[in-house]
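Asks: Model the following, please.
(2 chains)
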Amino acid sequence: AQRVTQPEKLLSVFKGAPVELKCNYSYSGSPELFWYVQYSRQRLQLLLRHISRESIKGFTADLNKGETSFHLKKPFAQEEDSAMYYCALRRGGKLIFGQGTELSVKP
Amino acid sequence: DAGVIQSPRHEVTEMGQEVTLRCKPISGHNSLFWYRQTMMRGLELLIYFNNNVPIDDSGMPEDRFSAKMPNASFSTLKIQPSEPRDSAVYFCASTRDVPNYGYTFGSGTRLTVV
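Replies: The predicted structure is shown next:
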């Protein structure tokens, strides 16, 4: 079965520190992977997709098929990065979400 | 582009009442999804439509929940009768049936059943 695992419910860092939000997936084919961000009580917004290999708001994510991972990284966290982050796998038309990681960036 | 539009933004209702949530997807998107978000269970896919046809409703909790998509620009999620455990934020999302095309989410409806 396709599954997305985000092992950390909460990640707390200080401003300026590096951040890595972990995401592992289980899927036998070629995955379509995304990161979504949800700021306090707002809609989910698409942050990154693996196919585009882009950097958005300083975040990057690299697909590692060997480790079946798609970790989200940022070298220097900012307070405005505090939010819920969801990793998602698209399969069969459906978007399957992980449980989410709450990132808290302290001043 | 106004994005995915959901109404109402907030709904407070009494147990046993019927609740109807509404969604207008982005024009040109041919897939529509209803998700429920709670602290305990995170984001759960309830049902999704492709070209107005329900494809997978395995996430619908029970017969009290029903969803329709009468045309490409409108969908409803109905709960009848509502129960306190239905309290959650309900999100609608739409996308195109294209590889690696992201979903666009609405602002959600915060439902409270008392």
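Asks: Just want to check the distance between the residue nearest to residue A:64 when sequence neighbours are not counted and residue B:52.
Replies: Of all residues not flanking residue A:64 in the chain, residue A:70 sits nearest, at 7.4 Å (CB to CB, 6 or more residues apart in numbering or on different chains). Where you see a C-beta, it was placed from the backbone N, CA and C, and this is true even at glycine. In this view, residue A:70 and residue B:52 are 32 Å apart by CB to CB, to the nearest Å.
Asks: just residue A:47 next, same as before
Replies: 29 Å.
Asks: cool, residue A:107 as well?
Replies: 49 Å.
Asks: Tell me which of these two has more neighbours.
Replies: With neighbours defined as other CB atoms under 10 Å in any protein chain shown, residue A:107 and residue B:52 compare such that residue B:52 has more, 16 against 6.
Asks: Correct me if wrong: that one contacts residue B:74.
Replies: No. If you go by CB atoms under 8 Å, residue B:52 and residue B:74 don't touch, sitting 9.5 Å apart.
Asks: Sheet partners, orientation included, of the strand ranked longest in chain A?
Replies: Longest strand of chain A, by residue count under DSSP state E: strand A:83-91. If you go by DSSP bridges, strand A:83-91 pairs up with strand A:32-38 (antiparallel), strand A:94-97 (antiparallel), strand A:101-106 (antiparallel).
Asks: Check the ones you listed for me and report the most buried one.
Replies: strand A:32-38 (a mean of 22; mean count of other CB atoms under 10 Å in any protein chain shown).
Asks: Show the contacting residues for residue 15.
Replies: Just so you know, I chose chain A. Counting by CB atoms under 8 Å, 6 or more residues apart in numbering or on different chains, residue A:15 makes contact with A:77, A:78, A:79, A:105, A:106, A:107.
Asks: other chain: chain B
Replies: Taking CB under 8 Å, 6+ apart, one finds B:81, B:82, B:83, B:84, B:113, B:114 in contact with residue B:15.
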